[in-house]
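Asks: next input, structure requested:
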Amino acid sequence: MTLPDRIPPVDWMTAAPTRSLLAALGAGGAPVRFVGGCVRDAILGLRPADIDIATPETPETVIRRLEKAKLKVVPTGIEHGTVTAVVPPATFQVTTLRRDVATDGRRATVAFGTDWAEDAARRDFTINALYADADGRLYDYTDGRADLAAGRVRFIGDPATRVVEDYLRVLRFFRFHARFGKGAPDAAALAACAAAADRLDRLSGERIRDEVLKILALPNAADALVLMQQSGVLAAVLPAARFDAGAFARLVTLQEAVAAGGGSDPDVWPRLTLLLDQAGIPAEVIAERLRLSNAQRLRLEGLLALPVIDSGILQDESAFRLALYRLSAERFRNGILIAASRQAVDHDLAVARAIATATWQRPVFPLRGADVIAAGFSPGPTVSALLGELESWWVEAGFAPDREACLQRLRDRVQLTPDD
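Replies: You can find the predicted model right below:
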């Protein structure tokens, strides 16, 4: 196939914030280029998550030019040559051309330079070392376009050397292969990643978490996990993982079917749960390993603690409503899909019920503790117990009894055991 030497400028390249930034950075005559994932994604017709810009000018000069143009600048990684430019509603990472002076597997000491090819040579993969100017002209120093067209994720230079520079590149390799690769992975790259598996413990939990969650979110996550398992990388980053490729692939298929049917988009948390919930390791241990936030930990704990969901619960309307009410729509939906991925629940039934949870509006129980107290009980455990009993009756009745019916049920109930 013929490879383009330029890309048609897309909307984010021609947007007013982008033009304002480029004008400010180019005020001294130095070339300014888009770099990395945003260029790669533009070639593929995808919308980038971030916009990165490279310049041969030093961070101090970049800051001075942006401030002169009255643009907000934040020195987010200035020791590595990176500043963040804020041009509402957009943000940009602006980085000075660099070369590595020293690396230790986690971070690099860099020296600033003016050589574009040298800057490209320090990047991880050829498909991430593409540059484009404001008019869309491409600059490719590592044959990244050919690799992108072939669906080949290839390290720049010697794979083993590149991995030792930053062990996070091992996880990034599996992520990028799952997203952009076609066919078998690059053999040299895979071998370098497998050889480095026992050194991944040098990475922080935060860095591992971010990459693992990104991998799990991909449509081809199952294929990535198979490669990670075969190479020893999965066991290195998630020792508690119990990977069943068939079950995981079924879960992805189920999630996609629910999304196509108008339900929720695929969620990464049941995928992580499927990897971990047969290991018998407490959620707090996993949360510490991956440095999960409190909200993330609670989501994982909630899924790991789900009761068994079987076809009987899904086939019985009353049981379905009760479980939905007790567990919440999100937890129950994910529990259904996890059960179906293990073939404990029929695929079509699971999809239909999971879609139904997306439109569920949780009804509000008409009574409160104050109603029980007004009926003759003093505040305390008895009030909570009686309120719970009444709520269960109301749920079993299909949430149909209104407030007056619930109050009558309360009056009938407390006549038997009034509180003095």
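Asks: next, count neighbours for R326.
Replies: 12 (other CB atoms under 10 Å). Glycine gets a C-beta too; all of them are placed from N, C-alpha and C.
Asks: no, scratch that, I was asking about L22
Replies: Neighbour tally, L22, other CB under 10 Å: 19.
Asks: isn't it right up against V32?
Replies: Yes. In this structure, L22 is within contact of V32 by CB atoms under 8 Å, at 5.6 Å.
Asks: joint contacts of these two?
Replies: 53, 134 (CB atoms under 8 Å, 6 or more residues apart in numbering).
Asks: once you drop chain neighbours, what's closest to Q296?
Replies: A287 (7.3 Å; CB to CB, 6 or more residues apart in numbering).
Asks: and that neighbour, what element?
Replies: Using DSSP states H and E, A287 maps to helix 283-290.
Asks: check V86 too.
Replies: Going by DSSP H and E, V86 is part of strand 82-87.
Asks: over to A344?
Replies: Per DSSP H and E, there is no helix or strand for A344.
Asks: what's around it, how many residues?
Replies: 14.
Asks: and the nearest residue in space to it that is not next to it in sequence, how many neighbours?
Replies: Spatially, and ignoring its direct neighbours in sequence, A344 is nearest to D310 (6.0 Å; CB to CB, 6+ apart). By other CB under 10 Å, 12 other residues sit near D310.
Asks: quick one, what contacts D310?
Replies: 339, 344-345.
Asks: swap in 10 Å and give it another go.
Replies: Contact analysis of D310 by CB atoms under 10 Å, 6 or more residues apart in numbering lists 319, 339, 344-345.
Asks: tell me the one of the residues you listed nearest P239?
Replies: Distance to P239 across the contacts of D310 (CB to CB) is lowest for A339, with 25.2 Å.
Asks: and the closest residue to V233 other than its chain neighbours, what is it in contact with?
Replies: Excluding the flanking residues, the one nearest V233 by CB to CB, 6+ apart is A197, at 4.9 Å. Contacts for A197 (CB under 10 Å, 6+ apart) come out as 167, 170, 228, 231-237.
Asks: now do A197 against D186, distance only.
Replies: 17 Å (CB to CB, to the nearest Å).
Asks: related to what we said a few turns ago, quick check: the residue nearest to V233 vs A191, distance?
Replies: Distance of A197 to A191, computed by CB to CB: 11 Å.
Asks: and for G136?
Replies: Counting by CB to CB, the gap from G136 to A191 is 36 Å.
Asks: what about these two, which has more around it?
Replies: Taking neighbours as other CB under 10 Å, G136 and A191 compare with G136 leading, 19 against 14.
Asks: and stretch 259-279, how far out from the chain's middle?
Replies: For stretch 259-279, the distance from its own C-alpha centre to the chain's C-alpha centre is 12 Å (CA atoms, centre = their mean, to the nearest Å).
Asks: mind listing what's buried along that stretch?
Replies: Residues 259, 263-264, 266-277 are the ones in stretch 259-279 that count as buried (16 or more other CB atoms under 10 Å).
Asks: closest to F92 among these?
Replies: V268 (27.1 Å).
Asks: for the closest residue to L386 other than its chain neighbours, what are its contacts?
Replies: Once flanking residues are discounted, L386 sits nearest to V372: 5.4 Å by CB to CB, 6+ apart. Taking CB under 10 Å, 6+ apart as the criterion, V372 is in contact with 378-379, 382-387, 390, 410, 413-414, 419.
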